[in-house]
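**Student:** How does the following fold in three dimensions:
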Amino acid sequence: MRHFPGDDHATVASNPVPFATRSWMGYRNLLTLVVVYSALMSVIALYLSHDTFVWLYSEAGPFELLSLGFWLLLAALCFSLPSLPRRPWQQGIVAMVAAAREADLHKAFTEGSVLKFTYYFDSSTPLLERLLVALVTFPLVALVLYVLVGGARFIHRSNALRFEWGQTVLLAMILLVASKMLDRSGAVLADWFGLGFPLLLQRFVAAFEEGTEMLLPILFMAALLQYQYQHLTGVTGAAGASGRGPGVR
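**Tutor:** Presented below is the predicted three-dimensional model:
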């Protein structure tokens, strides 16, 4: 996302737009949501039967389907949310890529995952197929990296962590990194040290990793709506972080 022009603040602040979204979008409310959600994941890991737990997080289970739906909804917001200073179409495409991954399209038409380098060096796969897949996959991966790097640079340059939307994006990224590290830790322990997680810990890791995948698009949607609110109301700095309107001290 790009920062809104600073000279719009006075005009927008004096003429607030009726569809500026606020209410439950406050950062503190989102933190509460994350804490309650994490507690729910712990309860699921502790008390659900094995069969129910496996179904809940299966490819056809509710978490996977809801994740797909939320990523598509995020993409739709990026393409259609009104009164943003610039249309975040690149983020919308990234959201669609994330939805495609949730739908397992990265391995639906090939023998292996097109997101793994081993696929492109597998001599048993026809060369033409690998080339065609690379022509589609590599630009999308490059776009994802471009958006991530550009977003990080913009957040640093604009001091976005003063604002609720910047704090929400940071929270989402921390959860993403933590979930992936936790998910990979089991394989690393097994490969390097021949150790395995106890069954209960495996359930906790699976619940947190899959649960976070569903939570991420919700947090990014909240950040987008917070960004819209900031632009429409002209909220700046500490006012944006505390939820007070412009001019309030």
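**Student:** and the spatially most central residue of the chain, how far is that from residue 152?
**Tutor:** By CA atoms, centre = their mean, the chain has its centre lying nearest to residue 216, at 3.6 Å. For residue 216, the distance to residue 152 equals 16 Å [CB to CB, to the nearest Å]. To be clear about C-beta, it is placed using only N, CA and C from the backbone, and glycine gets the same treatment.
**Student:** sorry, back to before: just the mean pLDDT for the helix or strand the residue nearest to the centre of the chain falls within, thanks.
**Tutor:** Using DSSP states H and E, residue 216 falls within helix 199-233. Averaged over helix 199-233, pLDDT sits at 89.
**Student:** Which positions within the helix or strand where residue 192 lies qualify as buried?
**Tutor:** In this structure, residue 192 sits in helix 164-193 according to DSSP H and E. For helix 164-193, the neighbour count (16 or more other CB atoms under 10 Å) marks 164-169, 171-173, 175, 179, 182-183, 186 as buried.
**Student:** again, but for stretch 47-61
**Tutor:** Within stretch 47-61, the residues scored as buried using 16+ other CB under 10 Å are 48, 53, 56, 57.
**Student:** Then stretch 138-150?
**Tutor:** For stretch 138-150, burial by neighbour count (16+ other CB under 10 Å) applies to 140, 147.
**Student:** In this structure residue 100 contacts residue 108, no?
**Tutor:** No. Using CB atoms under 8 Å, residue 100 makes no contact with residue 108, being 9.2 Å away.
**Student:** If you count surrounding residues, which of those two has more?
**Tutor:** For residue 100 versus residue 108, neighbours defined as other CB atoms under 10 Å are more numerous around residue 100 (16 against 10).
**Student:** What distance do you get for that one to residue 94?
**Tutor:** As judged by CB to CB, residue 100 and residue 94 stand 11 Å apart.
**Student:** Kindly report the same for residue 233.
**Tutor:** Distance of residue 233 to residue 94, computed by CB to CB: 27 Å.
**Student:** Who has more neighbours out of the two?
**Tutor:** Taking other CB under 10 Å, residue 233 and residue 94 do not tie; residue 94 has more neighbours (24 against 20).
**Student:** what sits against that one?
**Tutor:** By CB atoms under 8 Å, 6 or more residues apart in numbering, residue 94 lies in contact with 143, 144, 147.
**Student:** Buried residues of the helix or strand encompassing it, list them for me.
**Tutor:** Per DSSP H and E, residue 94 falls inside helix 89-102. Residues of helix 89-102 classed as buried: 90-102 (neighbour count, 16+ other CB under 10 Å).
**Student:** now, among these, which is nearest to residue 74?
**Tutor:** The nearest member of the buried residues of helix 89-102 to residue 74, counting by CB to CB, is residue 95 at 4.3 Å.
**Student:** Isn't that closest one up against residue 216?
**Tutor:** No. Contact criterion CB under 8 Å: residue 95 and residue 216 do not qualify, at 10.1 Å.
**Student:** circling back to that earlier point, if you skip the residues just before and after it, what's nearest to the residue nearest to the centre of the chain?
**Tutor:** residue 172 (5.5 Å; CB to CB, 6 or more residues apart in numbering).
**Student:** Isn't the one you found up against residue 219?
**Tutor:** Yes. Using CB under 8 Å, residue 172 makes contact with residue 219 at a distance of 4.0 Å.
**Student:** Contacts only, for residue 64.
**Tutor:** 57, 58, 102, 210.
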